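**Student:** Kindly generate the corresponding structure for this input.
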Amino acid sequence: MIQRIEAELKEAMRARDELRLATLRLTLAALRAAEKELQRPLKEDEELQVLQRERKRRAESATAFRDAGREEQAEREEAELRVLEELLPAPLSEEELERVVDDAIAETGATSLGDLGRVMADVMPQVAGRADGSVVSQLVREKLA
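**Tutor:** Next up is the predicted model:
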């Protein structure tokens, strides 16, 4: 992921795309900070976690700016969010997510909401970076209810 971002960073420099350049630099800095914190190269799922965290920050910032009446800053955050989403894997469709959840419920033998944790532990690694945890949790709850 870091090599991909570095390559895209060079392309953004050549294209003089300031927004993309700034977003990629911040993302690369977040990835490098996570590496430094762990004192080792990041695994793929850890890279996805960092990217998801950055995506969530941008979405929350855009909402906060919009609520405060600062439309220009909200639009910039949303533009950065779009750049980040290009780096993340394609999100799962509703049908694909339901299939993964159904398989996990069958695999774990879950029958009630008390089994929520076991099902989530099985589902989340499979959908990492491709589905929001709160959406997955809601779907699992509906299926177990």
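**Student:** Quick check: E47 touching M1?
**Tutor:** Yes - counting by CB atoms under 8 Å, M1 is a contact partner of E47 at 4.2 Å. The C-beta positions use only the backbone N, C-alpha and C, and glycine is treated the same way.
**Student:** quick one: which of those two has more around it?
**Tutor:** E47 (21 against 17; other CB atoms under 10 Å).
**Student:** OK, contacts around that one?
**Tutor:** 1-2, 31 (CB atoms under 8 Å, 6 or more residues apart in numbering).
**Student:** List phi and psi for it.
**Tutor:** phi -60, psi -40 (degrees, to the nearest 10).
**Student:** ok, it to G129 distance?
**Tutor:** Counting by CB to CB, to the nearest Å, the separation of E47 from G129 is 9 Å.
**Student:** Same check on R66?
**Tutor:** R66 is 26 Å from G129, by CB to CB.
**Student:** which of the two has more neighbours?
**Tutor:** G129 (18 against 15).
**Student:** For the protein, just list every one of the helices.
**Tutor:** Secondary structure of the chain (DSSP state H): helices at 2-15, 18-38, 44-67, 71-87, 94-108, 116-127, 133-144.
**Student:** Can you tell me what sits against the fifth one?
**Tutor:** Counting by CB under 8 Å, 6+ apart, helix 94-108 makes contact with 92, 110, 115, 118-119, 122-123, 126-127, 131, 135-136, 139-140, 143-144, all of which sit outside it.
**Student:** Would you show me how to pick out the buried ones of these in ChimeraX?
**Tutor:** The following ChimeraX line selects those of the contacts of helix 94-108 that are buried, judged by 16 or more other CB atoms under 10 Å:
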select :92,110,118,119,122,123,127,131,136,139,140,144
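**Student:** Check the contacts of helix 94-108 and tell me the two furthest apart.
**Tutor:** L92 and D115 (21.7 Å; CB to CB).
**Student:** Now do the contacts for the closest residue to L84 other than its chain neighbours.
**Tutor:** Setting aside the residues directly before and after it, L84 is nearest to R55 in space (CB to CB, 6 or more residues apart in numbering), at 4.8 Å. Residues near R55 by CB under 8 Å, 6+ apart: 81, 84-85, 88.
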